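S.K.: next comes the sequence, and after it the predicted model I'd like to discuss.
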Amino acid sequence: MIGFDLTPEQKSLQEKARQFAIDVILPVAAQHDRDGTFPLDLMEKAHQEGFFTPLVPKEYGGQGLGVLDTCIFSEELAAGCMGIYVSIFVSTLALFPIIKFGTEEQKERFLRPFCSRFSIASYCLSEVMGGSDPASMRTTAVLDGDHYVLNGTKMWITNGGYADFYLVFATTDPGKRHKGIICLIVPSNLEGVSHGEPIDKMGQRASNTTAVTFNHVRVPRDNLLGGEGDGFKKAMAALDITRPMIAIGAVGIARSAMELATQYAKKRIQFGVPIAQHQAIQFLLADMSKDIEAARLLVYKAAWLADQGVKNSKEAAMAKAFASDVAMRVTTDAVQIYGGMGYTKWHPVEKLMRDAKAIQIYEGTAQIMRLIIARQMLQEVERTF
Ligand SMILES: Cc1cc2nc3c(=O)[nH]c(=O)nc-3n(C[C@H](O)[C@H](O)[C@H](O)COP(=O)(O)OP(=O)(O)OC[C@H]3O[C@@H](n4cnc5c(N)ncnc54)[C@H](O)[C@@H]3O)c2cc1C
């Protein structure tokens, strides 16, 4: 049987996050977007509410939630501000490989303190020369006694400069490409770790994005997650779990844009009637409504599969590709419905449009999502009859 009802616990999570978005995120979102500043106080409040640690098991002090539960509350935070939501979310991206692949000792050393006091984590995969193709990375890790010596620069790192630790992917042998990659937990206070200035972005400006450089950083061998050569698989496994969480962010943005556009269309009078009475505007609104609903359902399915422990690479890519395209289309149409007003900073829809664009780029671009979908469907799809 298929059911779409939320459990009482999911409803209460949703309500808690919605209230947080209304009380804490919305009042400051426009200002952080304008100034490009990082809301550190807000992050601390979000950590206290448990939004940083949804997937961490309760035994380590986390929330012990599933991926679907996390998506349900995350839509509310993203509807408040995607830049703020993604800054909260990235810790889950960095923590998930430790939850899934860490030793008991590593979980005690990194997860428990992370949950018990305000902490931030970052995920360092991308480089200037290796975005869509991370196997071409140039950051190296060379074993020297009980330490790896880490050298290189990671690019586009969300929460760079604020993280207590970085989950860093590096190569022990560039010639081996993805088979040479390892995953290291790198505390940010180790000598040789530094970060660049915040990157001046088009959207999601409340999130802090920087380069992070590792200059002869000696990382204890105990901080190696898993074995040598299986880091790439860990990076991809994390993305299968977190892509639905980014996709639901796109749903949150699109929902906000649809609500604002609907409200505006009911009030704005042209040719003697509210523009919502013109069929052309109704069709734009109807498309928004149906596409958001479809995107949410794809996300819920990808998240549900993850919770069942079923491989969901294709479904996660479908959800991410579809939802991010929906967010871009819906926010662009929301600007259209606002007319000239939509093209100004006087109304929030232009921010939503700028924020939506990044979701087609990070956590795997729109094109890379389609490559993942095509690779699998070409193997699976046969004539049914
Ligand atoms: C705001 C923001 C936050 C980010 N946060 C993080 C973070 O916290 N951690 C992290 O590790 N990374 C992060 N990233 C990096 C992000 O994941 C990369 O930008 C993304 O993977 C794309 O890489 P790229 O920018 O190098 O583009 P490229 O890989 O150079 O791609 C350029 C274009 O070519 C296309 N393309 C590339 N290869 C193919 C192909 N085989 N077939 C078809 N088209 C292709 C792409 O789709 C894209 O349109 C962030 C990026 C942004 C913008």
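M.R.: Great, that's in hand. Residues are numbered from 1 along each chain as shown.
S.K.: use CA for all of it now, contacts and neighbours both
M.R.: Fine.
S.K.: okay, now the domains of the chain?
M.R.: 8-116, 121-230, 232-380 (automatic domain parsing).
S.K.: most remote residue from the middle of this protein, which is it?
M.R.: residue 272 (43.8 Å; CA atoms, centre = their mean).
S.K.: now the domains of the chain in TSV, with mean pLDDT and distance to residue 2?
M.R.: Below are the domains of the chain laid out as TSV (pLDDT from 0 to 100; distance: least, CA to CA, whole Å):
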stretch	mean pLDDT	distance to residue 2
domain 8-116	98	15
domain 121-230	96	35
domain 232-380	97	11
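S.K.: as JSON lines, those with distance to the ligand would be great.
M.R.: JSON lines is the format used below for those (distance: least, CA to the nearest ligand atom, whole Å):
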{"stretch": "domain 8-116", "distance to the ligand": "7"}
{"stretch": "domain 121-230", "distance to the ligand": "3"}
{"stretch": "domain 232-380", "distance to the ligand": "4"}
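S.K.: let me see the contact set for the residue farthest from the centre of the chain.
M.R.: With contact set as CA atoms under 8 Å, 6 or more residues apart in numbering, residue 272 has no partners.
S.K.: next: residue 298.
M.R.: 315, 318-319.
S.K.: with residue 180 instead?
M.R.: Neighbour list for residue 180: 171-174, 228-231 [criterion: CA under 8 Å, 6+ apart].
S.K.: repeat that for 6 Å
M.R.: When contacts are counted by CA atoms under 6 Å, 6 or more residues apart in numbering, residue 180 is found next to 171-173, 229.
S.K.: can you get me a residue count around residue 136?
M.R.: Burial of residue 136 is recorded as 19 neighbouring residues (other CA atoms under 10 Å).
S.K.: that one - nearest residue in space that isn't next to it in sequence?
M.R.: Taking CA to CA, 6 or more residues apart in numbering, and ignoring the residues beside it in sequence, residue 136 has residue 130 as its nearest neighbour in space, at 5.6 Å.
S.K.: if we can go back for a sec, how about CSV for the contacts of residue 180, with neighbour count and secondary structure added?
M.R.: Formatted as CSV, the contacts of residue 180 follow (neighbours: other CA atoms under 10 Å; DSSP: H, G, I helix; E, B strand; the rest coil):
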residue, neighbour count, secondary structure
171, 28, strand
172, 21, coil
173, 17, coil
229, 19, coil
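S.K.: in space, not sequence, find me the middle residue of this structure.
M.R.: The C-alpha lying nearest the average C-alpha coordinate of the chain belongs to residue 246 (CA atoms, centre = their mean; 4.0 Å).
S.K.: phi, psi of that one?
M.R.: The phi and psi torsions at residue 246 (degrees, to the nearest 10) take the values phi -80, psi -40.
S.K.: with residue 373 instead?
M.R.: When quoted as degrees, to the nearest 10, the phi and psi of residue 373 stand at phi -60, psi -50.
S.K.: these two touch, right, it and residue 315?
M.R.: No - taking contacts as CA atoms under 6 Å, residue 373 lies outside contact range of residue 315: 7.8 Å.
S.K.: quick one, which of those two is more surrounded?
M.R.: A count of neighbours by other CA under 10 Å puts residue 315 above the other of residue 373 and residue 315, at 24 against 18.
S.K.: list the contacts of the more buried one.
M.R.: The contact partners of residue 315, by CA under 6 Å, 6+ apart, come to residue 302.
S.K.: gap between the helix or strand hosting it and the chain center?
M.R.: Here residue 315 is covered by helix 313-338, with elements defined by DSSP states H and E. Its chain's C-alpha centre and that of helix 313-338 lie 14 Å apart, by CA atoms, centre = their mean, to the nearest Å.
S.K.: tell me what the following helix or strand past that helix is packed against?
M.R.: Tracing the chain C-terminally past helix 313-338 and defining elements by DSSP H and E, one meets helix 349-359 next. When contacts are defined as 3 or more CA pairs under 6 Å, 6 or more residues apart in numbering; DSSP states H and E, helix 349-359 packs onto helix 313-338.
S.K.: what about the strands in the stretch 1-150 of the chain?
M.R.: Shown for the stretch 1-150 of the chain, the strands assigned by DSSP state E, counting those that start in this stretch span residues 121-124, 140-144, 147-158.
S.K.: out of these, deepest packed?
M.R.: Across the strands of the stretch 1-150 of the chain, averaging neighbours per residue (mean count of other CA atoms under 10 Å) puts strand 121-124 on top, at a mean of 26.
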